[in-house]
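K.L.:
Here's my sequence, what's the structure:
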Amino acid sequence: MPPVEVRLETVDAERAGQRLDNFLSSRLKGVPKSALYRVLRTGQVRVNGKRCKPELRLEAGDVVRIPPLRVAAPGEVAPPSDSLRDTLAQRIVHEDAEFLVLDKPSGLAAHGGSGVSLGAIEAMRAIRPTQDIELVHRLDRDTSGLLLFAKKHSALRRLQALIRESRMQKKYFALIQGSPARDRFEVDAALRKNQLRGGERMVEVDEEDGKASLSRFRVIERYADCTLVEVEIITGRTHQIRVHSLHAGHPLAGDPKYGDEAFNKLMKSRGLKRLFLHAHSLRFPWGENADERQFSAPLGADLRKVLEGLGR
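P.N.:
Numbers count the residues shown, from 1 in each chain. Purely as a prediction, here's the structure:
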């Protein structure tokens with residue numbers, strides 16, 4: 001598609017407080033992030049006539065100059081297939097004027113990047129082209145379950161504030177190796193991201209340089225070689241449940257990155273074809289009266305079938 005023309009956009013109250021780079025991303029859907037940061041770095045984007053850094057927080061009434069930028073060319077971001085559109089439409093757990101809750105299927109990334117051109121956020125934007133949809137939090141590509149989208153920037157700010165303040169309760173179902181000694185236990189271990197060769201991202205426990213991380217485990221069902229647990233994450237670090245489970249001596253079933261190879265082979269022989277991790281519950285206060293909102297998504301048929309075939 002041809003470049004768009006230079007345009008000036010006035011920030012409304014709904015966008016007040018948003019970072020400049022995120023504002024541009026929302027106004028130029030389909031433009032690669034690298035292009036956005038290039039025009040920011042070279043001063044082609046101006047706020048009230050001045051050069052600004054990407055992290056600038058916009059205020060209502062600010063005027064943003066947006067330079068000509070090429071929107072997505074054919075092949076950069078593939079549109080969602082009809083089958084994916086149908087699947088996502090059927091997996092919407094809740095929707096109102098402020099946010100949307102999706103039961104994300106395993107295998108679909110939360111967002112594009114790192115070799116993935118189409119994620120859940122890109123697919124939802126393509127399905128709802130007239131709506132301003134933003135991703136509130138993330139799930140690993142192989143993790144299924146509840147994923148939250150905001151439909152207003154004011155809702156995005158409030159939802160992300162709830163996450164920062166640990167007022168949004170997130171619970172997962174996970175199948176772990178072995179049998180924990182206690183029915184309830186915590187893993188309080190700081191986590192640090194580590195880039196390995198080839199760009200593969202790994203996370204490891206690092207009490208000195210890592211970020212504080214807390215997970216609470218509760219046994220649901222014990223089987224011969226493994227245990228179904230519910231995990232509540234008090235913090236939301238990358239790969240938190242996967243690394244904390246490994247740290248506790250009970251790696252997740254079907255985890256190719258942090259799991260036990262022999263255990264994964266055993267679970268595969270019993271029908272498990274992917275990571276056994278499912279975000280099944282979200283709960284948070286909402287509205288003027290801070291009424292509790294709770295959403296749930298049951299285990300998918302593929303994971304239920306695995307459990308049915310396990311010996312107790």
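K.L.:
rest of the way, CA atoms for contacts and neighbours
P.N.:
Will do.
K.L.:
for the stretch 101-250 of the chain, what spans make up the helices?
P.N.:
Assigned by DSSP state H, counting those that start in this stretch, the helices in the stretch 101-250 of the chain fall at 120-127, 153-164, 240-247.
K.L.:
quick one: contacts of the first one?
P.N.:
Taking Cα atoms under 8 Å, 6 or more residues apart in numbering as the criterion, the residues outside helix 120-127 that touch it are 79-80, 85, 104, 108-112, 131-135.
K.L.:
circling back to that earlier point, of the helices of the stretch 101-250 of the chain, which approaches Arg19 most closely?
P.N.:
Among the helices of the stretch 101-250 of the chain, helix 153-164 comes nearest to Arg19, with 11.1 Å by Cα to Cα.
K.L.:
could you dump the helices of the stretch 101-250 of the chain to TSV with distance to Leu191 and mean pLDDT?
P.N.:
Formatted as TSV, the helices of the stretch 101-250 of the chain follow (distance: least, Cα to Cα, whole Å; pLDDT from 0 to 100):
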stretch	distance to Leu191	mean pLDDT
helix 120-127	26	88
helix 153-164	17	92
helix 240-247	8	97
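K.L.:
can I get those helices in JSON lines with mean neighbour count and distance to Glu292?
P.N.:
As requested, these are exported to JSON lines (neighbours: other Cα atoms under 10 Å; distance: least, Cα to Cα, whole Å):
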{"stretch": "helix 120-127", "mean neighbour count": "21", "distance to Glu292": "26"}
{"stretch": "helix 153-164", "mean neighbour count": "17", "distance to Glu292": "12"}
{"stretch": "helix 240-247", "mean neighbour count": "22", "distance to Glu292": "25"}
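K.L.:
Gly43: which of those helices is closest?
P.N.:
Of those, nearest to Gly43 by Cα to Cα is helix 153-164, at 25.4 Å.
K.L.:
what packs against that closest one?
P.N.:
strand 144-150 (3 or more Cα pairs under 8 Å, 6 or more residues apart in numbering; DSSP states H and E).
K.L.:
ok, the strand it packs on: who's next to it in the sheet?
P.N.:
Using DSSP bridges, strand 144-150 pairs in its sheet with strand 99-104 (antiparallel), strand 134-135 (antiparallel), strand 277-286 (parallel).
K.L.:
where among those strands is the average confidence lowest?
P.N.:
Lowest mean pLDDT of the strands paired with strand 144-150: strand 134-135, a mean of 92.
K.L.:
quick one: contacts of it?
P.N.:
Here strand 134-135 makes contact (Cα under 8 Å, 6+ apart) with Ile121, Leu148, Phe149, Ala150, Lys151, Lys152, His153, Leu156.
K.L.:
of those, closest to Arg201?
P.N.:
Of all those, Arg201 sits closest to Ile121, with 21.3 Å by Cα to Cα.
K.L.:
returning to what we had before: which of the contacts of strand 134-135 sits closest to Cys226?
P.N.:
Taking Cα to Cα as the measure, Leu148 is the one of the contacts of strand 134-135 closest to Cys226, at 30.0 Å.
K.L.:
Let me see the contact set for the closest one.
P.N.:
Phe99, Leu100, Val101, Leu102, Leu135, Val136, His137.
K.L.:
One more pass at 7 Å, please.
P.N.:
Listed by Cα atoms under 7 Å, 6 or more residues apart in numbering, the contact set of Leu148 reads Leu100, Val101, Leu102, Leu135, Val136, His137.
K.L.:
From Ile92, how far off is it?
P.N.:
For Leu148, the distance to Ile92 (Cα to Cα, to the nearest Å) stands at 10 Å.
K.L.:
what does Arg46 give?
P.N.:
Using Cα to Cα, one gets 38 Å for the distance from Arg46 to Ile92.
K.L.:
Could you do Arg15 as well?
P.N.:
Separation of Arg15 from Ile92 (Cα to Cα) stands at 26 Å.
K.L.:
re the thing from before, any idea which of the helices of the stretch 101-250 of the chain gets closest to Glu208?
P.N.:
helix 240-247 (15.9 Å).
K.L.:
tell me what the closest one is packed against?
P.N.:
The criterion is 3 or more Cα pairs under 7 Å, 6 or more residues apart in numbering; DSSP states H and E, and there are no helices or strands that helix 240-247 contacts.
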